[in-house]
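Asks: Curious how this folds, go ahead:
(2 chains)
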Amino acid sequence: MSSNTAPSSSAGAGSADSAATRRSKRPKYSRFTQQELPACKPILTPKWVISAFMLVAIVFIPIGVATLFASRDVVEIVDRYETECIPLSSRNDKVKYIQTPGNKTCSRTLTVKKHMKKPIYVYYQLDNFYQNHRRYVKSRSDKQLKDPNSANTVADCKPEDKTNGASIVPCGLIAWSLFNDTYTFSRNQSEPLPVNKKGISWKSDREHKFGKKVFPTNFQNSTLKGGATLNPLIPLSEQEDLIVWMRTAALPTFRKLYGKIEVDLQQNDVIHVTLDNNYNTYSFSGKKKLVLSTTSWLGGRNDFLGIAYLTVGGLCFFLAMAFTIVYLVKPRQLGDPSYLSWNRNPGGH
Amino acid sequence: MSGWNRSSRSRLGGRSNPPLERTSTTTTVRLGRVQPQAPSNRTIYCNDREANLPVKFVGNSIATTKYNFLTFLPKGLFEQFRRVANLYFLGISILSTTPISPVNPVTNVVPLSFVLFLSLVKEAWEDWKRFQNDMTINNNSVDVLQDQRWETIPWKRLQVGDIVRIKQNAFFPADLLFLATTNADGVCYIETANLDGETNLKIRKALEKTWDYLTPEKASEFKGELQCEQPNNSLYTFTGNLIIDKQTLPLSPNHLLLRGCSLRNTEYIVGAVVFTGHETKVMMNSMNVPSKRSTLERKLDKLIIGLFITLFCMCLIGAICSGVFINYKYYYLGLRGSKGENISYSSFNPDNRFLVIILNMFTLITLYSTIIPISLYISIEMIKFIQSTQYINNDLRMYHMESNTPALARTSNLNEELGQVEYIFSDKTGTLTRNLMEFFKCSIGGEVYGTGVTEIERGIAQRSGIKLNEEYTSDTVHDKGFNFDDAKLMRGAWRNEPNPDICKEFFRCLAICHTVLPEGDESPEKITYQAASPDESALVIAAKNFGFFFYRRSPTTICVRESHVEKVGDVQDVSYEILNVLEFNSTRKRQSVVCRYPDGRLVLYCKGADNVIYERLADGQDDLKKVSREHLELFGSSGLRTLCLAYRDLSPDVYESWNEKFIQAKSSLRDREKKLDEVAELIEIDLILIGCTAIEDKLQEGVPACIETLARAGIKIWMLTGDKMETAINIGYACNLINNAMKQFIISSETDVIREAENRGDQVEIARVIKDEVKKDLKRCLEEAQHCLRTVSGPKLALVIDGKCLMYALEPTLRVMLLNLSLNCHSVVCCRVSPLQKAQVTSMVRKGARRITLSIGDGANDVSMIQAAHVGVGISGQEGMQAVMASDFAIAQFRFLTDLLLVHGRWSYIRLCKVITYFFYKNLTFTLTQFWFTFYTGYSGQRFYDDWYQSLYNVIFTALPVVIVGLFDKDVSAALSKKYPELYREGIRNVFFRWRVVATWAFFSVYQSLIFFYVVTSSAVRSVDSSGKMFGHMDVSTMAFTCVVVTVNLRLLMTCNSITRWHYISVGGSILAWFIFIFIYCFADHRKSVYYVIFVLMSTFYFYMTLLLVPILALFGDFVYQVLQRWFFPYDYQIIQELHRDEPEGRRREDLLEIGNNLTPAEARSYAVAQLPREISKHTGFAFDSPGYESFFAKQAGVYAPQKAWDVARRASMRRTAKKK
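Replies: All right, here's what the predicted structure looks like:
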């Protein structure tokens, strides 16, 4: 009867007439549905724990030692100069001093304590400078930096987007506040040490983010000057100071590469630095430091990684020992039924 | 009609379209929800479409879909945004399009769209299934009368008033008025399995006036006006009048054929459409069952609120600091007042610090939005869905071969709830006991017959050490339902007994006083009986075996083939005229039939509960009464179910005068049921006791072992039954619920004080006395219980309470005491309880004790209890389906609870705890690194990570492994879970999702995030390679993000108890996905600040050094914690793991063998076939205390009795309130 077959899913709950077609509803066996997938069952047995700690210790301690050595190999000269470079007379109003035009040359003397192999990197380090501030980070136009036809893409750059109605290239607060202290070095008062400013930026930035045909225009033309000026004849891709500056730092204390001195410095060499102290960190009481540093395979002088490795390695070693002692002194038998809650506390909980 | 032609056993729909099931009969069982009826009537002109036109009845097409093509998107989205998390993210996404946002909109839009997309796809798929189902149904064809011919049209084009023809085995397309049938007597048989799950056939009878309208020619002449009630959802009521030829004929539910039922044993019928489509009674019943949410999820909400508070605090700190920080002195930020008067400026305007704080608040909320795990809910849903459809539904351990029923998870919301159940409320009959009733013993005129020994007696004997010598004679008659052997009664031997006349009455009472329908061939061997309760059929079968073979029934007669009456071997057919049937219901607890012998003798046969019958016995049978009571108690203590039989000879005058009152009551429109009860009282007096029957109720397989296991698991089992106290206690003994070592508290209403009060008959007084007694008892028991608990090794406690006492004990004043007492008991037995009381007890524990409860039952009377508990479990594979329809899980056998709870529930709980805490951890860790960074950006809300990192963190880089854990993690194997049921207690105590656990995770989150931020940044403050160049912001953050992704994924592996291939694939895949992503992303857009970053990074040693150090340092803390925890404060499961660490994984050999045995399809088939003729149907409580007992048959005679559990429950509640007044 056709009317009987109408609904496809009719199973006719228990009705006798469907008996003939009754099929087994037995679920099929599969490892998945029966939850019997092969699995490894890691149990933190004392042996495993102690071996794991030992393994980490064995791997980490040598790495830590190597890292620490690498870091200690690096020779670093740091000179903080933001206060010393202000004449004594002006020190109670540094901001006024720095904002007043005029020659702000200052000279510093550094002594090389240890032989420094070339290349020696020259950094400037700023403190309390929030390059990662939200308003600051946003204030740039990557499009404009790369593409000569997008000079007017300055929407993000406020308030340094335009001057007298003309777009600024490079626009934005970052470029505007470009660091402009300069350093000149000479050894032992006579021998000038040239600073190579080529190749101080990441290659990818130079080649891909800053245009070869983009030239600074209207830069630092407004009444308020934030920092360095740029030579309008040199394309942005060759303005390496700018490129370095524009790769904003993660933390408010940061170093940026200024240049390279490509001669070895001997122990007890005296380096004379003539610096133009132009950059205003006085408003926000930021520090300025000049850093000369060599590098190792791991970069600059930074004991942190080495110490961290050694600490972790040492801790693991200590724990491995401690656990071994505990294991020997007060062993807990694996799978001791007396630990089961219902054995510890019979008669319920 | 989607739902009702789909058996719940078919896994076809499974979980895939649960709302569909919801819209069907599932929902007929809501407690006491009967919609108020519209005051007006509806008038239908039959067979006259034009006349019906002005009224605009709804069409017959149904739509159970939630959406249509146009509304899908708006409505679906609306549904999605009703979830707080989604709404929150919508708000965040909108915020992130404004300039105050530090992040690109993409950060929040991508995860939100991802989640919405997944949810919508799921919705759409489910709705599509529903739509297809609707289409199939709407396009079923039906014959409708048009121009004196039957035209075949699809169901959806059917209209109110149409005359239709329904053929055998077809479903009724709408609610029909039954006009004519091919059967003689104007009756037809219908099956209502889709409505109430009962497969016994019901009889419907057409009005005599309309019997002729059978052929199309004749039917087209039918012009009737039908006045009836407005559509409503009450399945068992219908009032209306049919006006034909200016004659008004009253209509009853018996004339209505409901949509969803099917026609049986009838060639075809003709009917007029009364209600169509969504106005049919079955569709009116399809309201949404309130969906249960698991306790764990509710705790999760609290956690989310905690996260919101954390978020708010973080934002507040950041915002206030930003207000303090901002200053003109940072000239490089270009803070020059007047110039840029836009939002982006005012967020930093030092002149208006208050505004700065407010705006920064929003900025930071956007920035930290990741702290709320957006994909958590969808992940949990996916995990649970797979758990229930793949694991629970497919578990071979929960497949019952004999009934061919696998387990079925009807909802996937409650998987983990199964792992925390502390109280199980179990029905007795059909759940603990087999629903197999066998006539076992009887007492006739003060003589006990029957030599069998019940299992309970055997159990008692075993406990007390007595050896029973059982002789099994193989030649005993063992019909199904008849397990009786006594030579004194069989084969006509009863004629030689002291009182053969009483024996005769006894057998006649068995053969006549019932509502059983015979089916099949009219020979003793081949006949089958359709009975609402197995007791009934057992009794009729017994009568057959005694030589009183009931073989035919017509609406007015019962035909019995009587042997040995005049002399042994003599057989004669006698037909008794049935004059009235006084239906059974749970108040009356008895059933009577008035019949006229062929010789004109008028007799009322009555059978029912002993106390009810005893009240109505004629005076002067004290000896018999006393002896019979002893026998009743004897039977009761053997765990047998008893019924008393009695009769009364009526004189024609008495009968006639009574019958008038009866007819009056029957035709009354108001309070018909009450009046009928009252009228019945008038004739059911002065009865003469015949004797009593005892029926054995067999225990289900494996019940005692299962109960013992569950008890060891810390689960307390309460048995709620309608049985007598003695029976209940004995079943309790038989299935290990109670033992002699336990101290039993019995609160019974069968005490002298109460009986005395009852004899005085003042209702108010009775209530007061009982209440006082109950109060006294409770107080006494409570004191004793507390005393027992104080002593260290006090005995376990058990409480037995009966329904009447329970009614008073549940009152608000005594409730606390009852709760206190019962919570201290290891097992509780409630006997003689109504369905409503079952629900009340359940919710008392659920709400009063705030423990997780599970109700398990098989019958309609368990429905309210099943719905009241946290988790409802129905016993499937039997014929009654209402419990299954109302349940959350359906299993075939009580013993499968072990697997459901100890294995699936426990795993689900542990897995979900892991998933939730892990989600919490990974989002908190991620967000906190961001938070620490905020302190170094002048609180400006600058983001640490790139937008895409942040948006894909949740949906790609850390999404899959946690799902894998939610599916595959396994602390100990299934066999061990069952071997050590105590492990389950960890779930009851909620060990894995306590605040302490969350706090531990939070602590390590803080620790790890500090490591991520500070180690990565402080190791990058110098140049990082030999070329002396410095890292920028993006280099550092990419480094940090890499560490986060690697660590968070590895941390997941550390939480796993078992690591499968999928763990490796997903964890490895996630980490790999990050690298693939970053490689592509770094190339994709040279204007991005992340351009080339990964190559710069990977060209340095620093990258590898950090990548080795940071994850190990970050996980170091967690590892040490785990080691210490395991060493000094091991969890139980950890000890078990260690105990069995060397054992091979998976099933043992014998298990596999067993499965292999099960595998042969032929065998399974033969089992299935062997199972077929057995009629297991639901039955509840004490003897006939089954709502299902009230058959449709009796209503034919005009007797209306309330039908279903919810009606009974509603009535019970009404009675209670009435009494209070």
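
Asks: Could I get the contacting residues of the residue most central in space within chain B?
Replies: Centroid-nearest residue in chain B, with C-alpha atoms, centre = their mean: residue B:887, separated by 1.3 Å. Shown in contact with residue B:887 (C-beta atoms under 8 Å, 6 or more residues apart in numbering or on different chains): B:410, B:866, B:872-874. C-beta: built from backbone N, CA, C; applies to glycine.

Asks: which of those lies closest to chain A?
Replies: residue B:874 (13.3 Å; C-beta to the nearest C-beta).

Asks: and residue 101, how many residues sit next to it?
Replies: Answering for chain A, as no chain was given. 7 (other C-beta atoms under 10 Å in any protein chain shown).

Asks: Switch to chain B, please.
Replies: Residue B:101: 24 neighbours (other C-beta under 10 Å).

Asks: Could you do residue B:248 as well?
Replies: 11.

Asks: Quickly list what it is bridged to.
Replies: Taking DSSP bridges, one finds residue B:243 as the beta-bridge partners of residue B:248.

Asks: for the longest helix seen in chain B, packing partners?
Replies: Longest among the helix segments of chain B by residue count, using DSSP state H, is helix B:105-138. Packing contacts for helix B:105-138, counted by 3 or more C-beta pairs under 8 Å, 6 or more residues apart in numbering or on different chains; DSSP states H and E, involve helix B:18-22, helix B:72-81, helix B:84-95, helix B:376-386, helix B:947-952.

Asks: Pipe these into a markdown table and attach mean pLDDT per row.
Replies: Formatted as a markdown table, the helices and strands packed on helix B:105-138 follow (pLDDT from 0 to 100):
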| stretch | mean pLDDT |
| --- | --- |
| helix B:18-22 | 35 |
| helix B:72-81 | 85 |
| helix B:84-95 | 86 |
| helix B:376-386 | 89 |
| helix B:947-952 | 88 |
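
Asks: Please work out which of the ones you listed is packed deepest.
Replies: Mean neighbour count, computed with mean count of other C-beta atoms under 10 Å in any protein chain shown, is highest for helix B:947-952 among the helices and strands packed on helix B:105-138, reaching a mean of 23.

Asks: Packing partners of that helix?
Replies: helix B:105-138, helix B:1033-1055, helix B:1061-1084.

Asks: want to try CSV for those, with mean pLDDT and mean neighbour count as columns?
Replies: Shown next, in CSV, are the helices and strands packed on helix B:947-952 (pLDDT from 0 to 100; neighbours: other C-beta atoms under 10 Å in any protein chain shown):
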stretch, mean pLDDT, mean neighbour count
helix B:105-138, 84, 19
helix B:1033-1055, 93, 23
helix B:1061-1084, 92, 17
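
Asks: Would you reformat the ones you listed as TSV and include distance to residue B:1098?
Replies: Shown next, in TSV, are those (distance: least, C-beta to C-beta, whole Å):
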stretch	distance to residue B:1098
helix B:105-138	25
helix B:1033-1055	10
helix B:1061-1084	9
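
Asks: which stretch among those helices comes nearest residue B:1129?
Replies: helix B:1033-1055 (16.9 Å; C-beta to C-beta).

Asks: ok and that closest one relative to helix B:1061-1084, angle-wise?
Replies: Helix B:1033-1055 runs at 170 degrees relative to helix B:1061-1084, counting by axes from the mean of the first three to the mean of the last three C-alpha atoms, to 10 degrees.

Asks: Flag every residue of the stretch 151-300 of chain A that's near chain B.
Replies: A:158-160, A:173, A:176-177, A:199-202, A:204-205, A:208-209, A:224, A:226, A:244, A:247-257, A:260, A:280, A:283-285, A:293, A:295-300 (C-beta under 8 Å from any C-beta of the partner chain).

Asks: Quick check: PyMOL command selecting the buried ones in those.
Replies: Here is the PyMOL command that selects only those of these that count as buried (16 or more other C-beta atoms under 10 Å in any protein chain shown):
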select buried, chain A and resi 158+159+160+173+176+177+199+200+201+202+205+209+226+244+247+248+249+250+251+252+253+254+255+256+257+260+280+283+284+293+295+296+298+299+300
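
Asks: Just the residues of the stretch 151-300 of chain A next to chain B: which are in helices?
Replies: Short answer: those in helices (DSSP H) are A:173, A:176, A:204, A:244.

Asks: Next up, the contacts around the closest residue to the third one other than its chain neighbours.
Replies: Counting by C-beta to C-beta, 6 or more residues apart in numbering or on different chains, residue B:1092 is the residue found nearest to residue A:204 once chain neighbours are left out, at 3.5 Å. When contacts are counted by C-beta under 8 Å, 6+ apart, residue B:1092 touches A:202, A:204-205, A:208, B:1082-1083, B:1086.

Asks: Go through those residues and name the one nearest residue A:217.
Replies: For the contacts of residue B:1092, the nearest to residue A:217 is residue A:205 (20.7 Å; C-beta to C-beta).

Asks: Could you pull up the residues touching the nearest residue to the closest one once chain neighbours are set aside?
Replies: Taking C-beta to C-beta, 6+ apart, and ignoring the residues beside it in sequence, residue A:205 has residue A:243 as its nearest neighbour in space, at 5.1 Å. By C-beta under 8 Å, 6+ apart, residue A:243 lies in contact with A:201-202, A:205-206, A:209-210, A:236-237.
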